[in-house]
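In: Could you work out the structure for the sequence below:
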Amino acid sequence: MSFSLGSAAFRPGPGGRLSLFLLAAFLFAANGARAAATAETPGRDGLRIENERISVLITGGLSIIPALKVGDSLLTPVAGGIALNPAFSITVGGLVVDDFRVDWSRLKSEEVSDELGPGKLYRISAVADQYLKMLYAPIRIGVEVRLAFYDRFPTVVLAQAVFTNLGGQRLQIDKVVSQQYRLDRRLLDPEEQPWRFASYQGAATRWGWDYSLIWITPDFDRRNFMGQGELASREVAGGGTPLIDLWSPRCGLALASAETSQQWISFPVRAARDGLVEIAVAEAPDERLGQKIFLAPGGSYTTIRTSLILHRLDFYTPLHTYADMLRARGIGIPLSSPPEAYEPYWKSWGLRMDFTLQQIYASLGELKKIGISWANLDDGWFTWYGDWDPNPAPGKFPGGEPDMRAFVSRLHREGFKTSLWWYPQGVSEGSRLAREHPEWLVQNEDGSLPKSKRGLYYLCPVQPECLEFITGMVRKIMADWGYDGLYIDTQDLTATPPCFNPAHHHHAPLDSYQGQPKFYEAVYRTAQQIKPGCPVEMCICAMPHDPFKMPYYNVANASDPINLEQVRRRIKVEKAFRGPTFCVGDCYQVPADEWEGFSVPESFESAIGTGAQVTTFFTDLSPAQEKKWKDWIAEYRKLGLAWSEYLNLYDIAFDKPEGHVVRKGDTLYYGFYAPYWSVGLPLELRGLEPGRKYRVRDYAEGLDLGLVSAENPVIRRGFKDQLLLEVSPLK
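Out: All right, here's what the predicted structure looks like:
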């Protein structure tokens, strides 16, 4: 057997062991024609593949140890030795098959060039023989693991495995695991506990749960299922960001789906009994969903493509890298927002569902005083989801659509623009649409209709009739009624359940789950056709956002935070995904006396210091609050940090105090946050240009704090809650 690339070949040495000399000669010949981005080195412990940023060791037992190059060091949290486990496995009929042995004689590599650019692909073949399991008939399974390294993404390894049944019996697939690693913090910080990692975990789970910073504990165990556990459950979440990231101050490792649509997979994170943290990407095929669950003799199962990303600092770099890879593969996540998107706005949610138009009109004068010219109509304006008739209750729209048009016209006459709250996919059980068009709705396998957390049915997002209906509603809202933008909201946006409606003729029930972005594409493109550059915001309430819907809204937000730490972390998450100048809303400044446990309790500092858009809702403001809102909104406009460049210079988990930096021209704006910070502790100002001196000013208090330079970028300044600094170079 030989490994061939062009005319080069090598054969295994005596006893089936890899001939290191011949492999080295082969690798030299294969790479001689091109200064390759990757280099391969064979050794007794396996094959090492390297580029300028990372090193990856593949062992004969199909284990993988990736490491980040930092100076002369290789940094990895992946445990070796007796803790090492195979990176790929398959469970068939209850039997875990993972004792693969690599056949190095079948190793292949080839140069590739695709949407991700030029790179190199390695094909590693291995076989597992299960003859010693007393309760099982003999099983023989082969696997080809494909590892791809791309020049444009030097800290990333893309992986895919093809499992083949080499035996004589049909096998039932229970689970397939890719990129399984056991992490040990002690490899990076010997004095630490093995499980003590910070993490980002992107699965949408429950309202209010942290996802941007989760500390691993000794008993940690989270499935991170991207699908939906009970297909007919009202506790539907599902979806989110298909990425997990665990990091320490020295190095981090992220795993992500490398597919261009949402997948029915899990990202398990579990602290084992020995204290090590086990992570992986897991697939559990479900025949009901049209997925392959049997392997006939000679049959194969191909996993999804997954990405491993090594990095420094926190989640920002892996999220940014992941988003860039999606863009390269055609998921058009925008990097900037239109000018109107950055306008600070007020919304009527402070008045709740029982608002009246007179209450909104009475607020306009105060909004003008504080410098706001967008007043958005929130939830409570309609009768039934799906019908979207204006609510005829007294004080709202008793005259129906003419009253709605009159409301928008009055706001325009008063000098305001307005966006409308909307959840376009939801359908109330008692709606006219549900009675007249049940064939449009997502259906369970038993013919019942799944309900969302709000108790709503779902329009099937890929049905042409549904798309036609919803684009017609966009035209009504924006062209007929006259709205200037859309605010798309609710937790129910996270995902659409699998659809078994026979009237839809789906290729598979997962069409509705994977095709949900098409629905919001139709909404967004129609809105932009009617009013180019109009703001379209999406808030998946308190949940991580879905990257596959990101191309179809141009305003992001902090996703209903329940504390100030979540506000700032989620702003950083969205800046990582969407771009350093993208519009990311703070998710509403609320007067402290009206705060109910979510949104931002009077902390403009948390918004402006992180480069967020300022937004608000309130019933009324005291004179002191009115002055505060007016001053900070004026500062927001003057500084322009929301449309300036966010820089990733501090680790949100390990750097103290918490730090954020926004660059505007050659001036840097720092936001530091801590309950209390002692004047005796140094504050390091990262990102200064060597050879220049800078003046430091506390712009919240209007105080000059002196000079600093890159050679000694440290100041000493005590503070409570926050410190906002403007650091500008001397001319």
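In: CA only for contacts and neighbour counts going forward, please
Out: Fine.
In: Three-state assignment for residue 408, please.
Out: helix (DSSP: H, G, I helix; E, B strand; the rest coil).
In: what about it, how many residues close to it?
Out: Residue 408: 20 surrounding residues under other Cα atoms under 10 Å.
In: could you list every residue that touches it?
Out: Each residue near residue 408 by Cα atoms under 8 Å, 6 or more residues apart in numbering is listed here: 418, 481, 482, 483.
In: rerun that using 10 Å as the cut-off
Out: Counting by Cα atoms under 10 Å, 6 or more residues apart in numbering, residue 408 makes contact with 377, 414, 416, 417, 418, 419, 481, 482, 483, 484.
In: what pLDDT does it get?
Out: Residue 408 carries a pLDDT value of 99.
In: I'd like the distance between residue 192 and residue 276.
Out: 12 Å (Cα to Cα, to the nearest Å).
In: what's near enough to touch residue 634?
Out: With Cα under 10 Å, 6+ apart, residue 634 has these contacts: 370, 371, 372, 628.
In: hmm, which two among those residues are most spread apart?
Out: 372 and 628 (13.3 Å; Cα to Cα).
In: thinking again about what came up before, higher neighbour count, residue 192 and residue 276?
Out: residue 276 (24 against 13).
In: hey, what's the closest residue to residue 65 other than its chain neighbours bridged with?
Out: Nearest in space to residue 65, with sequence neighbours left out and distances taken as Cα to Cα, 6 or more residues apart in numbering, is residue 57 at 5.1 Å. Assessed by DSSP bridges, residue 57 has beta-bridge partners residue 48, residue 65.
In: hang on, isn't residue 57 packed against residue 44?
Out: No: applying Cα atoms under 10 Å as the test, residue 57 and residue 44 come out as separate, 11.1 Å apart.
In: out of those two, which sits in the busier spot?
Out: residue 57 (21 against 11).
In: Report how many residues lie close to residue 273.
Out: 9.
In: OK, contacts around it?
Out: 218, 219 are the contacts of residue 273 under Cα under 10 Å, 6+ apart.
In: quick one: it from residue 216, how far?
Out: On the measure of Cα to Cα, residue 273 and residue 216 end up 14 Å apart.
In: List phi and psi for the closest residue to residue 480 other than its chain neighbours.
Out: The shortest distance from residue 480 to any non-neighbouring residue, by Cα to Cα, 6+ apart, is to residue 405 (7.6 Å). Backbone torsions for residue 405, taken as degrees, to the nearest 10, come to phi -60, psi -40.
In: how deep is residue 405 tucked in, by neighbour count?
Out: Residue 405: 16 neighbours (other Cα under 10 Å).
In: same check, this time on the one 10 residues further on
Out: Using other Cα under 10 Å, residue 415 has 12 other residues around it.
In: Same check on residue 437?
Out: 12.
In: ok, the closest residue in space to residue 713 that isn't next to it in sequence to residue 311 distance?
Out: Using Cα to Cα, 6+ apart and skipping residues adjacent in sequence, the residue nearest residue 713 is residue 685, 5.2 Å away. Residue 685 sits 21 Å away from residue 311, going by Cα to Cα.
In: Can you list the low-confidence ranges for the protein?
Out: Scanning the chain with the threshold set as pLDDT under 70 gives 1-36, 131-137, 229-236.
In: can you give me the helices in it?
Out: Using DSSP state H, the helices found in the chain span residues 20-31, 316-328, 357-370, 401-413, 432-436, 464-475, 511-514, 516-530, 564-578, 604-608, 623-639.
In: now the ones you listed in a markdown table, with distance to residue 500?
Out: Formatted as a markdown table, these follow (distance: least, Cα to Cα, whole Å):
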| stretch | distance to residue 500 |
| --- | --- |
| helix 20-31 | 51 |
| helix 316-328 | 29 |
| helix 357-370 | 42 |
| helix 401-413 | 36 |
| helix 432-436 | 17 |
| helix 464-475 | 16 |
| helix 511-514 | 9 |
| helix 516-530 | 15 |
| helix 564-578 | 33 |
| helix 604-608 | 44 |
| helix 623-639 | 49 |
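In: so who does residue 533 touch?
Out: Residue 533 neighbours (Cα under 10 Å, 6+ apart): 337, 338, 339, 340, 341, 484, 485, 527, 554.
In: re the thing from before, quick one: which of residue 372 and residue 628 has more around it?
Out: The residue with more neighbours, out of residue 372 and residue 628, is residue 372; 23 against 16, by other Cα under 10 Å.
In: Please name the residues that touch that one.
Out: Residue 372 neighbours (Cα under 10 Å, 6+ apart): 343-346, 364-366, 416-417, 615-616, 629-630, 633-634.
In: Isn't residue 352 up against residue 594?
Out: No: using Cα under 10 Å, residue 352 makes no contact with residue 594, being 11.9 Å away.
In: any common contacting residues for these two?
Out: With Cα under 10 Å, 6+ apart as the test, residue 352 and residue 594 both reach 618, 619.
In: if we can go back for a sec, and the contacts of residue 372, which are buried?
Out: Buried members of those, scored by 16 or more other Cα atoms under 10 Å, are 343, 344, 345, 346, 364, 416, 417, 615, 616, 629, 630, 633.
In: Using a markdown table, please lay out those residues together with distance to residue 119.
Out: Output for those, formatted as a markdown table (distance: Cα to Cα, whole Å):
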| residue | distance to residue 119 |
| --- | --- |
| 343 | 43 |
| 344 | 44 |
| 345 | 46 |
| 346 | 49 |
| 364 | 57 |
| 416 | 52 |
| 417 | 49 |
| 615 | 44 |
| 616 | 47 |
| 629 | 52 |
| 630 | 53 |
| 633 | 48 |
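In: before we move on, back to that, counting neighbours, which of the contacts of residue 533 comes out on top?
Out: Going by other Cα under 10 Å, residue 484 tops those with 26 neighbours.
In: Make sure it is actually in contact with residue 421.
Out: No: assessed by Cα under 10 Å, residue 484 is found out of contact with residue 421, at 11.6 Å.
In: who touches both of the two?
Out: residue 376.
In: how is the chain carved up into domains?
Out: If you go by automatic domain parsing, the domain ranges for the chain are 3-328, 658-729.
In: The ones you listed: which one's closest to residue 569?
Out: domain 3-328 (6.2 Å).
In: What separation do you get for the nearest residue to residue 708 once chain neighbours are set aside and residue 687?
Out: Spatial nearest neighbour of residue 708, chain neighbours left out: residue 694 (5.3 Å); criterion: Cα to Cα, 6+ apart. Using Cα to Cα, residue 694 is found at 12 Å from residue 687.
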